[in-house]
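Peer 1: sharing a sequence plus its predicted fold:
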Amino acid sequence: MITSPDIKLSLDPTDWLDRHGDYLYRYALIRVRDTAAAEDLLQETLLAAMGSYQAHEGRSSERTWLVGIMNHKVVDYFRRLARTSEFQMSTEEGRDALDWFESEGTWRGHWREDQAPISWPVEAVRLLESREFWQILDRGLAQLSPQMAIAFTLREIDGLSYEDIATIMNCPIGTVLARAHRALAKLRGLMEVDFEPTLTEGSHTPRRFR
């Protein structure tokens with residue numbers, strides 16, 4: 001791909017905080033749900049960008065490039081958090097993971113039919129544009145254990161593979177699968193309650209995440 005001189009020359013660290021600071025801070029806050037951590041991640045991102053912007057090849061916009069750096073910082077944050085003793089010792093919420101899988105018979109170790117994960121409706125993607133959606137999602141994530149919240153965030157918000165999440169969280173892939181799907185099931189229930197009063201029968205908007 002040909003480098004764009006205009007994009008390359010437009011990189012100006014002196015105005016990054018004014019032009020992109022709020023966006024990058026919100027981007028981090030949605031993921032880590034901690035104001036102090038989000039502020040630290042913003043600072044780390046801008047410092048890393050200042051140290052490498054001269055090597056930027058102009059293949060993406062300034063903001064896209066900064067978001068890419070922020071992504072790496074968020075993943076590093078989760079990786080560090082997953083290795084702390086507090087995280088390892090914290091209690092996971094919800095029913096025991098064994099309740100989600102068959103415990104005997106031919107299908108032992110497989111998802112129970114009534115607990116198997118399902119995809120959210122395609123139409124529900126429209127909800128991602130709603131500020132109310134993100135506010136309710138944030139409240140829902142706050143009710144999950146840290147392990148479940150991180151697994152859900154990395155999988156459903158950032159789209160990482162289960163294998164990558166297992167590496168980041170330093171745990172077996174089966175544990176990641178259980179955490180992510182248990183989080184999804186619990187959040188669906190919480191969000192259905194929050195959104196239900198706004199829905200009417202016959203609406204083209206689906207009942208949230210049924």
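Peer 2: Done, it's in.

Peer 1: ok, now which ones touch Thr49?
Peer 2: For residue 49 the amino acid is Ala, not Thr. Going by C-beta atoms under 8 Å, 6 or more residues apart in numbering, Ala49 touches 13, 16, 65-66, 69. C-beta: built from backbone N, CA, C; applies to glycine.

Peer 1: any chance of those in CSV, plus neighbour count?
Peer 2: Converted to CSV, the contacts of Ala49 look like this (neighbours: other C-beta atoms under 10 Å):
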residue, neighbour count
Pro13, 13
Trp16, 19
Trp65, 20
Leu66, 26
Ile69, 18
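
Peer 1: need these in a markdown table with distance to Ala37, can you?
Peer 2: Shown next, in a markdown table, are the contacts of Ala49 (distance: C-beta to C-beta, whole Å):
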| residue | distance to Ala37 |
| --- | --- |
| Pro13 | 23 |
| Trp16 | 20 |
| Trp65 | 22 |
| Leu66 | 18 |
| Ile69 | 16 |
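
Peer 1: report the lowest-confidence entry in those residues.
Peer 2: Taken together, the contacts of Ala49 show their lowest pLDDT at Pro13, with 78.

Peer 1: tell me the pLDDT of the closest residue to Thr45 other than its chain neighbours.
Peer 2: Spatial nearest neighbour of Thr45, excluding adjacent residues (C-beta to C-beta, 6 or more residues apart in numbering): Met70 at 4.6 Å. pLDDT for Met70: 96.

Peer 1: could you chop the protein up by domain?
Peer 2: Split into domains by automatic domain parsing, the chain comes to 5-82, 92-198.

Peer 1: hmm, Gly21 is touching Leu42, no?
Peer 2: Yes - between Gly21 and Leu42 there is a contact under C-beta atoms under 8 Å: 6.5 Å.

Peer 1: neighbour count: those two, which is higher?
Peer 2: A direct count of neighbours by other C-beta atoms under 10 Å for Gly21 and Leu42 places Leu42 higher, at 24 against 16.

Peer 1: what packs against the longest helix anywhere in the chain?
Peer 2: When the chain is parsed with DSSP state H, its longest helix is helix 173-195. The contact analysis (3 or more C-beta pairs under 8 Å, 6 or more residues apart in numbering; DSSP states H and E) places helix 173-195 against helix 131-142, helix 146-152, helix 162-169.

Peer 1: what residues of the second one count as buried?
Peer 2: Residues of helix 146-152 classed as buried under the neighbour-count rule (16 or more other C-beta atoms under 10 Å) are 146-152.
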